[in-house]
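In: what's the 3D shape of this:
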Amino acid sequence: MQYSFTHQHLSAKLAEIPGVTVRHIDQIPHEGMHFDAKVEQAFWDQADTIVLEFPLYWYHGPSSLKQYLDDILTTDWAFEGAHKIAGKNLLILTTTGGLESEYQKDGDHGFTVSEVLTPFKATAHITKMNYLPEIVIYAAKLQDETELQNQLAKVCEQIAKLTN
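Out: Predicted coordinates for the structure are as follows:
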């Protein structure tokens with residue numbers, strides 16, 4: 001996936017935060033369509049908080065993220081008695097093309113982003129992770145450069161607080 005302007009800037013800013021490791025899913029080595037579960041699980045084992053950062057596409061994360069989670073959240077590691085990531089935090093950091101007002105029960109989409117992200121909440125639940133309130137940058141493409149940079153700075157402040 002080619003990162004949008006927002007995600008390129010966001011990734012660069014997040015990488016500057018001490019204690020934060022940024023990994024681009026499209027740059028992670030994999031064989032065929034599958035990721036190496038043991039390698040990726042080792043990254044998760046070292047983290048206190050996992051931030052999944054992605055643009056929301058048609059009410060979902062990118063298909064590469066779904067494949068990644070399918071590959072690494074194995075029965076013998078993530079759930080059914082193993083629960084190696086229990087107690088870790090899971091945070092979703094996403095962007096939308098639409099305005100926040102459109103993501104309301106009475107808005108164009110009929111659901112809040114929080115409701116749309118229910119599969120991630122269920123993943124946190126089954127793996128016994130702590131689901132943190134998601135961070136959403138609404139209408140990222142519609143914001144002017146200054147407004148977007150201000151939002152990205154606020155997001156980075158929120159992420160930095162998690163590393164203290």
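In: helices and strands of the chain: which one has the lowest mean pLDDT?
Out: strand 30-31 (a mean of 84; mean pLDDT, DSSP states H and E).
In: ok, it: who's next to it in the sheet?
Out: Using DSSP bridges, strand 30-31 pairs in its sheet with strand 34-35 (antiparallel).
In: what helices or strands is the helix or strand just after the partner strand leaning on?
Out: Note on strand 34-35: by DSSP states H and E, the next helix or strand toward the C-terminus is helix 37-46. Using 3 or more CB pairs under 8 Å, 6 or more residues apart in numbering; DSSP states H and E, the elements in contact with helix 37-46 are helix 63-72. Where you see a C-beta, it was placed from the backbone N, CA and C, and this is true even at glycine.
In: from the contact counts, what lies against the helix it packs on?
Out: Using 3+ CB pairs under 8 Å, 6+ apart, helix 63-72 is in contact with strand 34-35, helix 37-46.
In: so which of those is the most packed in?
Out: strand 34-35 (a mean of 16; mean count of other CB atoms under 10 Å).
In: ok, now which residue in this structure is the farthest from the centroid?
Out: Within the chain, the residue lying farthest from the chain centre (CA atoms, centre = their mean) is residue 106, at 25.8 Å.
In: quick check: beta-bridge partners of the residue nearest to the spatial centre of the chain?
Out: Central residue of the chain (CA atoms, centre = their mean): residue 52, 1.8 Å from the mean position. Beta-bridge partners for residue 52, by DSSP bridges, are residue 92.
In: can you list contacts of stretch 22-38?
Out: 1, 3, 11, 14-15, 40, 43, 62, 64-65, 67-68, 71-72, 74, 77 (CB atoms under 8 Å, 6 or more residues apart in numbering).
In: just the buried positions in that stretch, please.
Out: Within stretch 22-38, the residues that count as buried by 16 or more other CB atoms under 10 Å are 25, 30, 35, 37.
In: again with stretch 63-73
Out: Neighbour count says stretch 63-73 has 64-65, 68-69, 71-73 buried, by 16+ other CB under 10 Å.
In: in the protein, which spans are strands?
Out: Taking DSSP state E, the strands of the chain run over residues 30-31, 34-35, 49-55, 89-95, 130-131, 135-137.
In: okay if I get these as TSV plus distance to residue 150?
Out: Output for those, formatted as TSV (distance: least, CB to CB, whole Å):
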stretch	distance to residue 150
strand 30-31	36
strand 34-35	35
strand 49-55	18
strand 89-95	15
strand 130-131	27
strand 135-137	11
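In: those: lowest mean pLDDT?
Out: Mean pLDDT per stretch puts strand 30-31 lowest among the strands of the chain, at a mean of 84.
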